[in-house]
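Peer 1: Generate coordinates for the sequence data below:
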Amino acid sequence: MIQNLAGYIQSFDSIVIGIGNEWNWVSKGLARDERYNKLLTYCRDEEHSWLLPVIEYEYAYYQTDTKIENAYKALRNIIGDKKYFLVADIFLQDALMYGFDPSRSVYPCGTYMYLQTSDIDDTLRLSDKTSEFMGLVNKIHGIIMENEGEFDEHDTFLQPFINDKMLYLNQKRKEYRSIKYNESAYQDNWTSYMKFLTDTLNSKLLLLELGVGLDYPTVIRWPFEKVAFINNKARMIRVHEKLYQRTPEIQDKTDSIQMNSVNYILQESKGI
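Peer 2: Below you'll find the model as predicted:
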């Protein structure tokens, strides 16, 4: 790549953006905030691991991250009026708050927006409108704000129920491996994404992979490599602080950048 990203994009007909864990400001923020240390230690016990997603929800609900906000705005500005689709393997829908079209974005691993039960035939519920769930979120918030993270470890955190069924965040994650992930929330957008990819087979396509690790390689990393291999006019840019390596089969079609992808986008946005 011999020019800046905004200029480089202009030579392509369309772009697919993959967003990965380097954009997950919640997990990084929790690790840095000492008030959460005791709660996070508590969740390392298998018996209490179900609480970690709720703690993450509390953090995301009450906090923001200015750097991530600026990076998404910068990314949207860089893309400009190009046809695009965004796919993420993280749970945070920040892109939708900072200029990206919900109809051209998909979150196949789930989000913080919905709750599900273990019965995939049950209707999904909005997390922030479900009092049984928000009661637990507010209890955690009180521990952080009023007690600086201190709590009696013998105190009981009750998993929320509704109609005699446990509620879980609608997410595909190891803490929920005992239940089946309800995929209904993202299926329509996934269908649109597949159609978008099909329509790009004979056109110049840029696959921009930003901070995607190996937590869910079948969502972005491996499919991007496959698309780049199949489409003779495709090119991939892989940006990651550690997992930036090129795949041998598409080495000549891949730009590999060893850099934190959030920092990369902020850097590339300068001067636009």
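Peer 1: Can you report the mean pLDDT over the residues of the helix or strand that contains residue 208?
Peer 2: Element membership for residue 208 (DSSP states H and E) is strand 205-210. Averaged over strand 205-210, pLDDT sits at 98.
Peer 1: That strand pairs with which strands?
Peer 2: Paired neighbours of strand 205-210 in the sheet (DSSP bridges): strand 14-19 (parallel), strand 234-240 (parallel).
Peer 1: What ranges does the stretch 1-150 of the chain have for its strands?
Peer 2: Using DSSP state E, counting those that start in this stretch, the strands of the stretch 1-150 of the chain run over 14-19, 83-88, 105-106, 110-116, 125-126.
Peer 1: quick one: which of these is nearest residue 206?
Peer 2: strand 14-19 (4.5 Å; Cβ to Cβ). For glycine as for every other residue, the C-beta is placed from the backbone atoms N, C-alpha and C.
Peer 1: Please compute how far that closest one lies from its chain's middle.
Peer 2: 13 Å (Cα atoms, centre = their mean, to the nearest Å).
Peer 1: what does it rub up against?
Peer 2: Here strand 14-19 makes contact (Cβ atoms under 8 Å, 6 or more residues apart in numbering) with 9, 75, 79, 82-90, 95, 196-197, 200, 203-212, 220-221, 224, 227.
Peer 1: measure residue 24 to residue 178 for me?
Peer 2: 23 Å (Cβ to Cβ, to the nearest Å).
Peer 1: I meant residue 39, not that one.
Peer 2: Residue 39 is 22 Å from residue 178, by Cβ to Cβ.
Peer 1: These two - which one has more neighbours?
Peer 2: Using other Cβ atoms under 10 Å as the criterion, residue 39 and residue 178 rank with residue 39 on top: 22 against 8.
Peer 1: which residues touch that one?
Peer 2: Residue 39 is in contact with 51, 55, 140, 143, 149, 151, counting by Cβ under 8 Å, 6+ apart.
Peer 1: In this structure residue 237 contacts residue 257, no?
Peer 2: Yes: assessed by Cβ atoms under 8 Å, residue 237 is found in contact with residue 257 at 6.8 Å.
Peer 1: Who has more neighbours out of these two?
Peer 2: The residue with more neighbours, out of residue 237 and residue 257, is residue 237; 21 against 17, by other Cβ under 10 Å.
Peer 1: Could you find the closest non-adjacent residue to the more buried one?
Peer 2: Distances taken as Cβ to Cβ, 6 or more residues apart in numbering place residue 255 nearest to residue 237, at 4.6 Å, with adjacent residues excluded.
Peer 1: re the thing from before, can you give the contact residues for the next helix or strand after the strand holding residue 208?
Peer 2: As assigned by DSSP H and E, the chain's next helix or strand after strand 205-210 is helix 221-230. Residues from elsewhere that reach helix 221-230 (Cβ under 8 Å, 6+ apart): 16, 18, 20, 197, 201, 205, 207, 209, 212-214, 234-236, 247, 249-250, 253-254.
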